[in-house]
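Undergrad: sequence unknown, structure follows:
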Ligand SMILES: O=C(O)CCC(=O)C(=O)O
Ligand SMILES: [Fe+2]
């Protein structure tokens, strides 16, 4: 796919202008939001989430209730999966259009036109039948990932319930829109392995672990490992209509969940909440050159849910149609 491809949606046109290096700044703060005692502190937390999501579009959660040892268990499973021989991983191939299964260097971003330096394994519950590595392949993988997916979903739904309150929807509006029991469920847990650099690697310009993009879901929750840097963000309000982006690095911590708003919630909020541009850069000479692992949970509304904001700024579109356009533009194998 070339950068000259004409994208049909305004989000994609925007993304195709963003492949450059830009500049870096450490003067911005990524808001840190404490979720402890969520039930009693709901209104205070809601205000903090809304302020962060309508300004930078990125925030980090602490005291979110997901035990850090459970996060580490999930990372151990992901690492064990990616350590399998290629021919074994190839038994779990990415399913066309379903965000499920394993891919290797196949995601081409509209912003760069080159493949991300990574492999990933995606879990989307209704389509996993033949895609779970069994007990003799990666023991405990399925149990631990199902549990982790559920816990991430619960935190995601709490966050979205705060946005529902502010938007004037019923509090559980987004929980129904992301119903895990439905065959139309399309929230995805993505395990990521960014490839280590060979010794004395010469990195071609325009090479990224993940090229600049916005996510196309409602809310993304990223789990990172201490010491494995690379994620950079460009706040929503600063990015609009500009091509000279200023990027801020996110410091990875095992006990925080780094969140960003995606395009779907931006549309659903009539653009009040800002989908935020981000990328994962390659290590530079002198920095840690090893692999980078991360896990992202994408809260994406079920396929049959219709998306329209309270002010009806955009026409209604089903979540199915909205995502199909975006997925097709992001995986080279589909073009
Ligand atoms: O690995 C990360 O830190 C971010 C991943 C990401 O942005 C994505 O998969 O959409
Ligand atoms: Fe992303």
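TA: Perfect, I can see it now. As the structure is a prediction and not an experimental result, all values here were calculated from the model. Ligands and ions are numbered 1, 2, ... in the order given.
Undergrad: got the residues of the stretch 51-200 of the chain near ligand 1?
TA: 190, 192 (Cβ under 6 Å from any ligand atom). C-betas here are computed from N, CA, C, even on glycine.
Undergrad: Just give me the neighbour total for whichever residue of the stretch 1-150 of the chain sits closest to ligand 1.
TA: In the stretch 1-150 of the chain, no residue comes nearer to ligand 1 than residue 120, which is 7.4 Å away by Cβ to the nearest ligand atom. Residues lying near residue 120 (other Cβ atoms under 10 Å) number 25.
Undergrad: and what of residue 71?
TA: Residue 71 is flanked by 20 other residues according to other Cβ under 10 Å.
Undergrad: model confidence over the strand or helix carrying it, on average?
TA: Using DSSP states H and E, residue 71 falls within helix 68-82. Averaged over helix 68-82, pLDDT sits at 98.
Undergrad: How about stretch 264-275?
TA: 95.
Undergrad: How far away from the center of its chain is it?
TA: Here stretch 264-275 is found 16 Å from its chain centre; the criterion is Cα atoms, centre = their mean, to the nearest Å.
Undergrad: Bridge partners for the residue in the chain that ligand 1 sits nearest to, pull those for me.
TA: Going by Cβ to the nearest ligand atom, ligand 1 is nearest to residue 294 of the chain, at 3.5 Å. For residue 294, the beta-bridge partners are residue 192, residue 224 (DSSP bridges).
Undergrad: Burial check on it, number of neighbours?
TA: Counted with other Cβ under 10 Å, residue 294 comes out at 25.
Undergrad: Am I right that it is in contact with residue 228?
TA: Yes: at 7.3 Å, residue 294 counts as touching residue 228 under the criterion of Cβ atoms under 8 Å.
Undergrad: distance between the helix holding residue 71 and the chain's centre?
TA: Taking Cα atoms, centre = their mean, one finds helix 68-82 lying 17 Å from the centre of the chain it belongs to.
Undergrad: Pull out the buried residues from that helix.
TA: By 16 or more other Cβ atoms under 10 Å, the buried positions in helix 68-82 come out as 71, 73, 74, 75, 77, 78, 81, 82.
Undergrad: What residues does residue 50 make contact with?
TA: 162, 163, 166, 273 (Cβ atoms under 8 Å, 6 or more residues apart in numbering).
Undergrad: can you map out the strands along the stretch 51-200 of the chain?
TA: In the stretch 51-200 of the chain, the strands defined using DSSP state E, counting those that start in this stretch lie at 58-62, 101-104, 118-123, 188-194.
Undergrad: Would you format those as a markdown table with distance to residue 42 and mean pLDDT included?
TA: Output for the strands of the stretch 51-200 of the chain, formatted as a markdown table (distance: least, Cβ to Cβ, whole Å; pLDDT from 0 to 100):
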| stretch | distance to residue 42 | mean pLDDT |
| --- | --- | --- |
| strand 58-62 | 14 | 96 |
| strand 101-104 | 37 | 95 |
| strand 118-123 | 29 | 96 |
| strand 188-194 | 26 | 97 |
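Undergrad: export these to TSV and tack on distance to residue 218?
TA: Shown next, in TSV, are the strands of the stretch 51-200 of the chain (distance: least, Cβ to Cβ, whole Å):
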stretch	distance to residue 218
strand 58-62	14
strand 101-104	22
strand 118-123	17
strand 188-194	12
